[in-house]
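> here are the coordinates; sequence isn't available:
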């Protein structure tokens, strides 16, 4: 019988290698390509300002539009993945990402950059991200936080590798050729790895975590794809309302560093080469956070760990607002990356803990519309505030308050659960 039609062998021998780790590797590669390409944008800000004689706010809006689409589209791509399977959606997303980057390199007006980058990268990452993450939640139960952390560590490694690569390509061949080369990379690596994604372990005769029987996944729930909350049931719960509010208020400042940290450093006299490495430092911290904190959260509980992530991001922002040199900004970038990486790894796993596997893609997609709204407003508003005040102090202060408010909301959820 073909592997995709078998049923779980509950009494059989545990496979020497669990295919779930292949799915994790595929999700890692697609997040590496998708978000790594998106987070190169900071390296292009100066070139786009010069090329099109544009303000920092109007250029920043390019990233905000893309971010709004790639988080907001999850509300559609999640349910589609639950119904049709993730593989085709992730492959299509990688094709769009590559095409959008290439077309941005051919743009002759800033409006064309908006269209190419926002529609290509925004729609492309939006089609790929939530389906890839939703699939991971079905393949793992006890190690769900660790597996999610490994998968989304592709974002951290992409942030480490891709912005310095983009800076090098821009310096050597110009921003247009840089976008063309990044587009080719997205097509080759992203589509090639997306082929390996599989939707449910039971379709291959396996159980979550490679277990031999359903009872061996006790602890964090190992719900089959058919069990758990529907989307409407989840939306009516206080847990979902709290998570949505926390994501919304924190997201206004969450992606400001990815657009404005490098310009901030250059404004304060940091050398171009050193400024380009700051986003890489966020990537280093983010990768470490996804590995270490995702695993830690499996032990201490993912809900208190999420509160810790919000508090940590707020504390790291205090370092940013007090720093003007390369050393202080590097400390901020590493610390922010650790807690940001832990946050990204925890959120999908916590949603699966709360609501099960039945509609996991759709529920994550609805939740990420909160992140989409914050991403649409935050980076572009930060650019316009800078154009008006020539300072990022108000922007960073607002980011600190947003993360503290999110931590308070998560604390309220935990107390509600206890009662």
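Sure, I can see it. None of the values given here were measured: they were computed from a predicted structure.

> burial of residue 84, as a residue count?
Residue 84 has 12 neighbouring residues, counting by other CB atoms under 10 Å. From N, CA and C alone the C-beta is placed, and that goes for glycine too.

> residues touching the closest residue to residue 259 other than its chain neighbours, list them.
If you skip the residues right next to it in sequence, residue 259 has residue 379 as its closest partner in space, 4.3 Å away by CB to CB, 6 or more residues apart in numbering. Contact criterion CB atoms under 8 Å, 6 or more residues apart in numbering gives 60, 63, 64, 67, 255, 256, 258, 259, 260 as the residues in contact with residue 379.

> can you tell me which two in these are farthest apart?
Using CB to CB, the two most remote members of those are 67 and 260, lying 13.2 Å apart.

> what residues are up against residue 159?
Applying CB under 8 Å, 6+ apart, we find residue 159 in contact with 35, 36, 39, 258, 279, 280, 282, 283, 286, 337.

> elements contacting the host helix or strand of the first one?
Element membership of residue 35 [criterion: DSSP states H and E] is helix 20-38. Under the contact criterion of 3 or more CB pairs under 8 Å, 6 or more residues apart in numbering; DSSP states H and E, helix 20-38 touches helix 56-72, helix 86-106, helix 123-139, helix 144-173, helix 175-185, helix 192-194.

> just say which of those helices is most tucked in.
Among the helices and strands packed on helix 20-38, judged by mean count of other CB atoms under 10 Å, the one packed with the most neighbours on average is helix 123-139 (a mean of 30).

> state the next helix or strand along the chain beyond the helix holding residue 35.
The C-terminal neighbour of helix 20-38 among helices and strands, as given by DSSP H and E, is helix 41-52.

> now the residue nearest to residue 287 when sequence neighbours are not counted: how far from residue 117?
Among residues not flanking residue 287 along the chain, residue 156 sits closest, at 3.5 Å (CB to CB, 6+ apart). Distance, residue 156 to residue 117, using CB to CB, to the nearest Å: 22 Å.

> could you do residue 360 as well?
In this structure, residue 360 lies at 29 Å from residue 117, with CB to CB as the measure.

> with residue 316 instead?
Distance check for residue 316 against residue 117: by CB to CB, it reads 28 Å.

> now do the least confident helix or strand in the chain by mean pLDDT: which elements does it pack against?
Least confident helix or strand, the chain: helix 272-300 with a mean of 78, by mean pLDDT, DSSP states H and E. Identification of packing neighbours for helix 272-300 by 3+ CB pairs under 8 Å, 6+ apart yields helix 41-52, helix 144-173, helix 256-267, helix 302-321, helix 326-355.

> mind checking which of those is nearest residue 293?
Between residue 293 and the helices and strands packed on helix 272-300, the shortest gap by CB to CB is with helix 326-355, which sits at 3.3 Å.

> can you name the next helix or strand after that closest one?
Downstream of helix 326-355 (by DSSP H and E), the next one is helix 360-389.

> can you give me the angle that next one makes with helix 256-267?
Between helix 360-389 and helix 256-267, the angle formed by their directions is 30 degrees, by axes from the mean of the first three to the mean of the last three CA atoms, to 10 degrees.

> nearest spatial neighbour of residue 99, chain-adjacent residues omitted?
Excluding its sequence neighbours, the residue lying closest to residue 99 (CB to CB, 6+ apart) is residue 120, at 5.3 Å.

> shouldn't that neighbour be in contact with residue 94?
No. Distance between residue 120 and residue 94: 11.0 Å, which falls outside the contact criterion (CB atoms under 8 Å).

> any idea how far the closest residue to residue 354 other than its chain neighbours is from residue 412?
Setting aside the residues directly before and after it, residue 354 is nearest to residue 239 in space (CB to CB, 6+ apart), at 5.2 Å. Plainly put, residue 239 is 11 Å away from residue 412 if you go by CB to CB.

> one more: residue 36?
Distance of residue 36 to residue 412, computed by CB to CB: 35 Å.

> of the two, who's got more company?
Between residue 36 and residue 412, counted using other CB under 10 Å, residue 36 has the larger neighbour count: 26 against 14.

> please report the distance of that one from residue 156.
Residue 36 sits 9 Å away from residue 156 when distances are taken as CB to CB.

> give me the number of residues near residue 293?
By other CB under 10 Å, neighbour count at residue 293 equals 25.

> list the contacts of the closest residue to it other than its chain neighbours.
Once its chain neighbours are removed from consideration, residue 293 has its nearest residue in residue 342; the separation is 3.3 Å (CB to CB, 6+ apart). Taking CB under 8 Å, 6+ apart, we find residue 342 in contact with 149, 289, 290, 292, 293, 294, 297, 305, 308, 309, 312.
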